[in-house]
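Student: Just need the structure, nothing else, for what follows:
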Amino acid sequence: MDQPRPAGTAADRARWRRYLADERAEGAVYRELAARRTGEEREILLALAAAEGRHEAHWLRLLDGDETGIPRADLRTRFLASLARRFGSIFVLAL
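Tutor: So this is what the prediction gives:
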């Protein structure tokens, strides 16, 4: 019996893995920033992290839950995350 073929082309799946890596990195930054804030700003950052979690779930569904070969987040995402950690969310959101 033939196994079902994964959804999307190999190029699609590679792109989805990159998107998944970026969503995870962005969600982690929002959670990290939220841990250092209080009140409304904290709630906003947690809501943004939750949105990234929903995006992550979308890419995982397209990948049929296959998490193999997930790369690091792209350079731009890692750079912005570094700026956010150093200078705060307002600095990065202004970019």
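
Student: Can you tell me the centre-most residue of this structure?
Tutor: Nearest residue to the geometric centre of the chain (C-alpha atoms, centre = their mean): residue 23, 1.1 Å.

Student: Where does the prediction get shaky in this structure?
Tutor: 1-6, 91-95 (pLDDT under 70).

Student: ok, longest helix in it?
Tutor: helix 10-35 (DSSP state H).

Student: Now do the same for the closest residue to residue 25 other than its chain neighbours: helix, strand or coil?
Tutor: Leaving out its chain neighbours, the residue that sits closest to residue 25 by C-beta to C-beta, 6 or more residues apart in numbering is residue 73, at 3.5 Å. (Each C-beta comes from the backbone N, C-alpha and C, glycine too.) Taking DSSP: H, G, I helix; E, B strand; the rest coil as the rule, one finds residue 73 in the coil state.

Student: For burial, what's the neighbour tally of residue 73?
Tutor: 22 (other C-beta atoms under 10 Å).

Student: Thought residue 27 was touching it, still the case?
Tutor: No: using C-beta atoms under 8 Å as the test, residue 73 is too far from residue 27 to be in contact (10.5 Å).

Student: Next, the contact list for the residue nearest to residue 25, please.
Tutor: 21-22, 24-26, 81 (C-beta atoms under 8 Å, 6 or more residues apart in numbering).

Student: Put together TSV for those residues, with distance to residue 45 and neighbour count on each row.
Tutor: Rendered in TSV, the data for the contacts of residue 73 read as follows (distance: C-beta to C-beta, whole Å; neighbours: other C-beta atoms under 10 Å):
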residue	distance to residue 45	neighbour count
21	20	19
22	17	22
24	16	19
25	15	18
26	11	21
81	13	20
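
Student: Just put the residues you listed in CSV and tack on distance to residue 43.
Tutor: CSV is the format used below for those (distance: C-beta to C-beta, whole Å):
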residue, distance to residue 43
21, 26
22, 23
24, 21
25, 21
26, 17
81, 21
